[in-house]
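Novice: Fold the following, please.
(one chain, ligands or ions: 2)
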Amino acid sequence: MEVERLSKSFGRVRALSEVSFGVDEGEVLGFLGPNGAGKTTTIRILLGLLHGDGGTAKIGGHDCWTDHVRASRFFGATLEQPGFYGFLSGRDNLRQFARMLGPVDEKQITALLDLVGMTERADDKVKRYSMGMRQRLALAQALLGKPRLLVLDEPTNGLDPNGIHGLRILLRKLATEQGLTIFFSSHLLSEVEELCDRVVVLHRGEVKASGPLSELMNVKGYRYRIDVSDVDKALEIVRAVDGARAEPGTIKGSISVTADDDIARQINYALVNAGVGVDQLVRTEKGLEDIYIQLTGVPVASPLSTPVPSVPAQ
Ligand SMILES: Nc1ncnc2c1ncn2[C@@H]1O[C@H](COP(=O)(O)OP(=O)(O)O)[C@@H](O)[C@H]1O
Ligand SMILES: [Mg+2]
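Specialist: Ligands and ions are numbered 1, 2, ... in the order given. All right, here's what the predicted structure looks like:
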């Protein structure tokens, strides 16, 4: 997949602004961003459902708009709100979609229903399905055409923690055992963190960062939160210490520092020596969340999708 300087406006809303990124064959790429970032808009353009105002999106070398049919042979996709016939069973919905692709392969449909854990409910009407079940059926549908690339828009929407865990295992299996390339969007860090080789962080229609998670997380060293009596002075002092990087913390009166273990001691010493009071110095394991907030200014959503306000730790 190759997206280059893709732009799209809805009236005065600039949903995408020169978005560029690529997905390599065999890669699992997380498309991360808070609600309204432009993830679904990008995916709708990839699906040929929407025409960008500028730039290009290509899959397998084919333009997603002008050469939609050939591009779509490469991938299967799910959208945020999977659309199914409610009066048909899950199995019949899959048959219906399979018919559009060619001869219906009953064995394949049964295998796919099994793969996504829908065997027991396969013959119930979709209108009786929960959101999570629709998501799983959508994944089966996306796999019908034996694609090399899966494009999934917030695939864990509506799944309970068990379902999320199951999906994660399934996607990993598809990637490692069948060599599928997977591109999936999420507003939840915890999801991409465990699954992706690489992430693209989107915010307000712009790519804010992209790269391997380990790089974004700066795996070397630790992240510390230091509560200090004077933030500005503390930043100045810490920034002067070799091997330390400091930003204002997300919590008032704190700074966020990335540093090696032994340097933390040095930082503490430097602060106290300069007359800056240190109330506490805590090592935090949430490097990626810090980076996300830093990039987007938006607090990380909890698994229940409600934004978490910054509150001082207990
Ligand atoms: N059909 C549309 N008409 C008007 N505005 C839209 C439409 N689709 C998306 N938008 C706007 O574009 C922005 C990006 O939306 P979307 O791509 O759905 O974000 P995400 O999927 O990351 O939550 C939002 O501000 C949204 O309100
Ligand atoms: Mg969306």
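
Novice: Measure how buried the nearest residue to residue 89 once chain neighbours are set aside is and give me the count.
Specialist: Nearest non-adjacent residue to residue 89, counting by Cβ to Cβ, 6 or more residues apart in numbering: residue 123, 4.8 Å away. Backbone N, C-alpha and C define where each C-beta goes, glycine included. Using other Cβ atoms under 10 Å, residue 123 has 12 other residues around it.

Novice: Pull up the gap between whichever residue of the chain sits closest to ligand 2 and residue 147, please.
Specialist: Taking Cβ to the ion as the measure, the point where the chain comes nearest ligand 2 is residue 40, at 3.2 Å. Taking Cβ to Cβ, to the nearest Å as the measure, residue 40 and residue 147 are separated by 19 Å.

Novice: tell me the contacts of residue 158?
Specialist: Counting by Cβ atoms under 8 Å, 6 or more residues apart in numbering, residue 158 makes contact with 130, 131, 132, 134, 135.

Novice: how about those, which pair is most distant?
Specialist: 130 and 135 (8.9 Å; Cβ to Cβ).

Novice: possible to save the contacts of residue 158 as a markdown table with distance to residue 53 and pLDDT?
Specialist: Formatted as a markdown table, the contacts of residue 158 follow (distance: Cβ to Cβ, whole Å; pLDDT from 0 to 100):
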| residue | distance to residue 53 | pLDDT |
| --- | --- | --- |
| 130 | 37 | 88 |
| 131 | 32 | 85 |
| 132 | 35 | 85 |
| 134 | 31 | 91 |
| 135 | 30 | 89 |
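
Novice: Neighbour-wise, which one of those residues leads?
Specialist: The most crowded member of the contacts of residue 158 is residue 135, carrying 24 neighbours; neighbours defined as other Cβ under 10 Å.

Novice: which ones are touching that one?
Specialist: Listed by Cβ under 8 Å, 6+ apart, the contact partners of residue 135 are 78, 82, 155, 156, 157, 158, 159, 163, 167.

Novice: The third one contacts residue 167, correct?
Specialist: Yes. Because the distance of 6.2 Å satisfies Cβ atoms under 8 Å, residue 155 is recorded as touching residue 167.

Novice: neighbour-wise, which of the two wins?
Specialist: Comparing residue 155 with residue 167 by other Cβ under 10 Å, the one with more neighbours is residue 155, at 27 against 23.

Novice: May I have the secondary structure class of the more buried one?
Specialist: With DSSP: H, G, I helix; E, B strand; the rest coil as the basis, residue 155 sits in coil.

Novice: how about the nearest residue to it, chain neighbours excluded?
Specialist: Spatially, and ignoring its direct neighbours in sequence, residue 155 is nearest to residue 184 (5.6 Å; Cβ to Cβ, 6+ apart).

Novice: As TSV, the contacts of residue 158 with distance to ligand 2 would be great.
Specialist: Shown next, in TSV, are those (distance: Cβ to the ion, whole Å):
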residue	distance to ligand 2
130	20
131	14
132	17
134	16
135	14
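
Novice: for the residues you listed, which one is nearest residue 70?
Specialist: Closest to residue 70 out of the contacts of residue 158 is residue 135 (27.8 Å), distances taken as Cβ to Cβ.

Novice: Backbone dihedrals for the closest one, please?
Specialist: phi -60, psi -40 (degrees, to the nearest 10).

Novice: mind starting the numbering at 461 from now?
Specialist: With the count now opening at 461, the last piece we talked about shows up as residue 595.

Novice: need the strands for the stretch 461-610 of the chain, in chain order.
Specialist: Applying DSSP state E, counting those that start in this stretch to the stretch 461-610 of the chain gives strands spanning 462-470, 473-482, 488-492, 514-519, 522-523, 535-538, 609-613.

Novice: Which one, of those, ends up nearest to residue 601?
Specialist: strand 535-538 (7.3 Å).

Novice: Tell me the confidence at the residue nearest to residue 549?
Specialist: Confidence at residue 583, expressed as pLDDT, is 96.
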